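Novice: Got a sequence here, can you build the structure:
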Amino acid sequence: MNKRYDKAYFDKWYRDPRHRVGSRTRLLREIGFVVAATEQLLERPLRSVLDVGAGEGRWQPLLQELRPGSRYAGVEPSEYAVARWGTRRNLRHGDLDSLDTLGLDAPFDLVVCADVLHYLPTPALRSAMQQLAPLVGGVAYLPTFAAEDDIDGDRVEFQRRRAASYRAIHREAGLVPVGLHLYVTKPRARELAALERFK
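Specialist: Take a look at the predicted model:
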C-alpha cells in the first residue's frame with residue numbers, strides 16, 4: 001500500500017483529536033531538548049537545521065522562537081505540504097533518496113529525520129543513511145520505533161525491524177549513538193568522554 005501524504009493525512013495525524021500523535025506542548029519540549037543537546041555537544045549556539053521528512057515544517061516556527069536567525073531547511077515528499085507551507089517554512093520537495101540533488105548548504109549543526117526511518121524497507125534505509133550521514137555537522141536526531149516498541153499512530157508500511165538492525169545500519173553509515181535518538185559522526189564521537197557515547 002502506498003500512502004498519500006495529502007491534506008487528509010496531516011489533518012488526521014496532527015489535528016484530529018481522535019488520532020493526533022502529539023501536541024504543540026510536546027513538540028516544543030522535544031525541540032527544546034534537541035536544541036539544548038546539540039548546543040551542549042557543539043559548545044556553541046545552534047545555527048543550522050536540516051529536517052528530512054519535515055511534513056508541514058512544524059519545527060521551523062518553533063525553532064525560530066528558540067533560536068531567531070538560525071537557518072532551517074525542510075525536505076518533504078508531500079506535494080501538498082510543500083505547496084501549502086514551502087515558501088513560509090522553507091520546505092523543498094524531495095526525500096532521502098534525493099538529498100544529493102537538492103543543493104543543500106551542508107553540513108548542518110542539526111539533522112532531524114523524525115519518525116521516517118521505520119517506514120523504509122531495509123535496502124532503502126541503508127541507502128538513506130549513507131546520504132544522510134555526510135550532512136551531519138554536529139548532531140543527528142533520528143527518533144525511530146523498532147520491533148520491540150509499542151507504537152501509536154500510523155502503522156501503514158511500518159517495518160518491524162529490531163533495534164539491533166538499526167544500530168548496525170547507523171554504524172555502517174558512520175554514526176555513533178549518544179542516547180535518546182541522538183547520533184554524532186565518528187570524528188565528533190572521539191572528542192566525547194567515554195560515557196557520553198555508546199560503543
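
Novice: Excluding covalently adjacent residues, which one is nearest to the most centrally placed residue in the chain?
Specialist: In the chain, the centroid-proximal residue (Cα atoms, centre = their mean) is Cys113; its distance is 1.5 Å. Setting aside the residues directly before and after it, Cys113 is nearest to Val52 in space (Cβ to Cβ, 6 or more residues apart in numbering), at 4.5 Å. Placement of C-beta: from N, CA and C, glycine included.

Novice: Would you confirm that the one you found contacts Ser98?
Specialist: No. Using Cβ atoms under 8 Å, Val52 is not in contact with Ser98; the gap is 10.1 Å.

Novice: Can you name the residues bridging to the residue nearest to Cys113?
Specialist: Residues in a beta bridge with Val52, per DSSP bridges, are Val75.

Novice: Would you enumerate the residues in contact with it?
Specialist: 74-75, 95-96, 99, 111-113, 116, 132 (Cβ atoms under 8 Å, 6 or more residues apart in numbering).

Novice: ok, it to Ala164 distance?
Specialist: Look at Val52 and Ala164: by Cβ to Cβ, to the nearest Å, they are 24 Å apart.

Novice: do the same with Leu63
Specialist: In terms of Cβ to Cβ, Leu63 sits 32 Å off from Ala164.

Novice: quick one: which of these two has more around it?
Specialist: Leu63 (22 against 11; other Cβ atoms under 10 Å).

Novice: Surely the more buried one touches Val49?
Specialist: Yes. Using Cβ under 8 Å, Leu63 is in contact with Val49, at 6.0 Å.

Novice: Identify the contacts common to those two.
Specialist: The contact sets of Leu63 and Val49 overlap at 70, 72 (Cβ under 8 Å, 6+ apart).

Novice: where do the helices sit along the protein?
Specialist: 7-14, 24-42, 59-66, 79-89, 122-132, 163-172, 186-189 (DSSP state H).

Novice: Setting aside sequence neighbours, what's the nearest residue to Leu120?
Specialist: Ala128 (6.1 Å).

Novice: pLDDT value on that neighbour, please?
Specialist: Turning to Ala128, the model gives it a pLDDT of 96.

Novice: ok, back up a step: how close does the residue nearest to the centre of the chain sit to Pro17?
Specialist: Relative to Pro17, Cys113 is positioned 27 Å away (Cβ to Cβ).

Novice: just Asp149 next, same as before
Specialist: From Asp149 across to Pro17, the span is 23 Å (Cβ to Cβ).

Novice: okay, those two: which has more neighbours?
Specialist: Per other Cβ under 10 Å, whichever of Asp149 and Pro17 has more neighbours is Asp149, with 10 against 6.
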